[in-house]
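> just to be clear, the model below is a prediction. Sequence and coordinates:
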2 protein chains.
Amino acid sequence: MDIVRRTIERYVTLTEAEWSAIAPCWREYAFGRGSEVCAVGEVEQRFYIVKSGVQRLSFPHDGRDICVGFAYDGSWCGEYASFLTRKPARFDVVALTDSVLVGIEHDDLQKLYVEQPVMERFGRLILEELLVGRAMREIEQLSLSAEERFDRLVKRSPQLLQLVPQKDIASYLRMTPETFSRARKRR
Amino acid sequence: MDIVRRTIERYVTLTEAEWSAIAPCWREYAFGRGSEVCAVGEVEQRFYIVKSGVQRLSFPHDGRDICVGFAYDGSWCGEYASFLTRKPARFDVVALTDSVLVGIEHDDLQKLYVEQPVMERFGRLILEELLVGRAMREIEQLSLSAEERFDRLVKRSPQLLQLVPQKDIASYLRMTPETFSRARKRR
DNA sequence: AGGATCACTTGACCCATATCAAGAACGTCA
DNA sequence: TGACGTTCTTGATATGGGTCAAGTGATCCT
């Protein structure tokens, strides 16, 4: 549970009163390796913070999964668009390792937004960070070659190479496993 | 000024008291066709809502501009990442037509976030919408061919074809002007 | 431990789209 | 209005990365 408080407090400071209103809304959920946190077509019921494990956000296309992101300790996880819109998910969220996520139900979060203004602020700040991150990633995807994208990832998140299958990283970098394998060999 | 109230009220309802605290923070800014609302390297001072005109969000790469979005009536405009982080802009914002934008200074917005909780909510909701939009666009960029992306745009925003240079639309769709021209001919 | 399944590597070939080039059409402003 | 600078079109050619295929290596399961 502590991970939730620490994560929220990366953005805002909580009084004990606020925390005691917020804490009961969160529950732990365990997912075994390979299991789906959320599947395309379902409506995402919860917004999660990752306590442990690595998860993949992807969508199926032509019988293949295209990976658009990863989540790990302290980052958020889930099919956020579906969670917000209450419409069927377009993305899959898959646990790549055994994972423990701490989640909050949609209605509980809405309640907190109303009753605890500090949560509204947390929501805004985390979204700002996500949006800025997306913009930077977009620049990189568009301005770097396959090989440069590989180098950049190795430099920034070398641990990912150990944690997740190369085919997922390849897909995340918008290349085939073959191209990824060749890029890696050349370094 | 009315455009600001209408835009905010697409997300939240304002009391007269709230609006009279919010309204004075906004000011109109005129930009001539071709002028820069924000240039790479500057720090974005304002968050804008578009009163009139069309603007382009792009970044320079290899002596060419790669376009990542457009703004028009009622949508937001500006280099949001720079505005938030107070760091130099990575994107250019250019007025493609004579434009009138209504903007709020960074400090004024922060003040409103503190003093008017309804603005905090507006901020959260507009960010949610932006993020969901980004996710959907990401799926389209990755799963559709050049020709399909063209078709999708024509269907969804036919007015863009009239309003903005084809080379910018081509760049937005991740193709060269030549490929765009050929895609258009085949339809 | 052995077999099955899945992930990774490597090579040969291919194709969608980029690049280059040259001309036509359009806009703009002296 | 005409001339210059864009933008757009069209054709010829090049290429990065994808696809296909076959083999090697990991990992899991009973």
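Received the coordinates, thanks. Residues are numbered from 1 along each chain as shown, chains lettered A, B, ... in the order given.
> max-length helix in chain A?
helix A:117-143 (DSSP state H).
> can you tell me if it touches chain B.
Yes - for helix A:117-143 and chain B, the contact criterion (Cβ under 8 Å from any Cβ of the partner chain) is met by A:117, A:120-121, A:123-124, A:127-128, A:130-132, A:134-136, A:138-139, A:142-143. Yep, even glycine has a C-beta here, placed from its N, CA and C like the rest.
> the closest residue to residue A:31 other than its chain neighbours: what's it in contact with?
The shortest distance from residue A:31 to any non-neighbouring residue, by Cβ to Cβ, 6 or more residues apart in numbering or on different chains, is to residue A:95 (4.1 Å). Residue A:95 sits next to A:31-37, A:53-55 when contact means Cβ atoms under 8 Å, 6 or more residues apart in numbering or on different chains.
> if I look at residue A:95, how far off is residue B:124?
28 Å (Cβ to Cβ, to the nearest Å).
> hmm, back to that, farthest pair within the contacts of residue A:95?
Pairwise distances across these peak at 14.3 Å for A:36 and A:54 (criterion: Cβ to Cβ).
> ok, the two, which is more surrounded?
Using other Cβ atoms under 10 Å in any protein chain shown as the criterion, residue A:36 and residue A:54 rank with residue A:54 on top: 23 against 13.
> helix or strand for residue A:82, which one?
Using DSSP states H and E, residue A:82 sits within helix A:80-85.
> that helix near chain B at all?
Yes - using Cβ under 8 Å from any Cβ, helix A:80-85 reaches chain B at A:80-81, A:84-85.
> which residues touch residue A:67?
A:56-58, A:168-169, A:171-172.
> that one belongs to a strand?
Yes - under DSSP: H, G, I helix; E, B strand; the rest coil, residue A:67 falls within a strand.
> okay, and the residue of chain A found nearest DNA strand D sits in which element?
Relative to DNA strand D, the nearest point of chain A is residue A:179 (3.3 Å; Cβ to the nearest atom of the strand). Per DSSP H and E, residue A:179 falls inside helix A:177-186.
> using PDB, list the CA coordinates for that helix.
Output in PDB follows, covering the C-alpha atoms of helix A:177-186 (Å, rounded to 0.1, in the frame of the first residue of the first chain):
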ATOM      1  CA  PRO A 177      12.700  -8.800 -34.200                       C
ATOM      2  CA  GLU A 178      15.000  -9.400 -37.100                       C
ATOM      3  CA  THR A 179      15.900  -5.800 -37.400                       C
ATOM      4  CA  PHE A 180      16.400  -5.600 -33.700                       C
ATOM      5  CA  SER A 181      18.600  -8.600 -33.700                       C
ATOM      6  CA  ARG A 182      20.800  -7.100 -36.400                       C
ATOM      7  CA  ALA A 183      21.000  -3.600 -34.700                       C
ATOM      8  CA  ARG A 184      22.100  -5.300 -31.500                       C
ATOM      9  CA  LYS A 185      24.800  -7.300 -33.200                       C
ATOM     10  CA  ARG A 186      26.300  -4.300 -34.800                       C
END
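> ok, and what's touching it?
For helix A:177-186, using Cβ under 8 Å, 6+ apart, the contacting residues are A:146-147, A:150, A:166-167, A:169-170, A:173, A:175.
> can I get those residues in TSV including distance to residue A:43, pLDDT and secondary structure?
Listed next are the contacts of helix A:177-186 as TSV, based on distance: Cβ to Cβ, whole Å; pLDDT from 0 to 100; DSSP: H, G, I helix; E, B strand; the rest coil:
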residue	distance to residue A:43	pLDDT	secondary structure
A:146	36	80	helix
A:147	40	82	helix
A:150	36	84	helix
A:166	32	92	helix
A:167	28	93	helix
A:169	29	92	helix
A:170	30	92	helix
A:173	30	89	coil
A:175	32	91	coil
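> so the residue of chain A found nearest chain B versus residue B:90, what's the distance?
Residue nearest to chain B within chain A: residue A:127 (3.8 Å; Cβ to the nearest Cβ). For residue A:127, the distance to residue B:90 equals 19 Å [Cβ to Cβ].
> quick one, which of the two is more surrounded?
Taking other Cβ under 10 Å, residue A:127 and residue B:90 do not tie; residue A:127 has more neighbours (21 against 17).
> ok, the closest residue to residue A:52 other than its chain neighbours to residue A:159 distance?
Leaving aside its chain neighbours, residue A:52 sits nearest to residue A:100 (4.9 Å; criterion: Cβ to Cβ, 6+ apart). Distance, residue A:100 to residue A:159, using Cβ to Cβ: 19 Å.
> between the two, who's got more neighbours?
residue A:100 (15 against 10).
> hang on, isn't residue A:171 packed against residue A:65?
Yes - contact criterion Cβ atoms under 8 Å: residue A:171 and residue A:65 qualify, at 6.6 Å.
> now do the shared contacts for these two.
residue A:58.
> ok, residue A:46 - contacts?
Contacts of residue A:46 by Cβ under 8 Å, 6+ apart are A:29, A:78, A:83, A:103-106.
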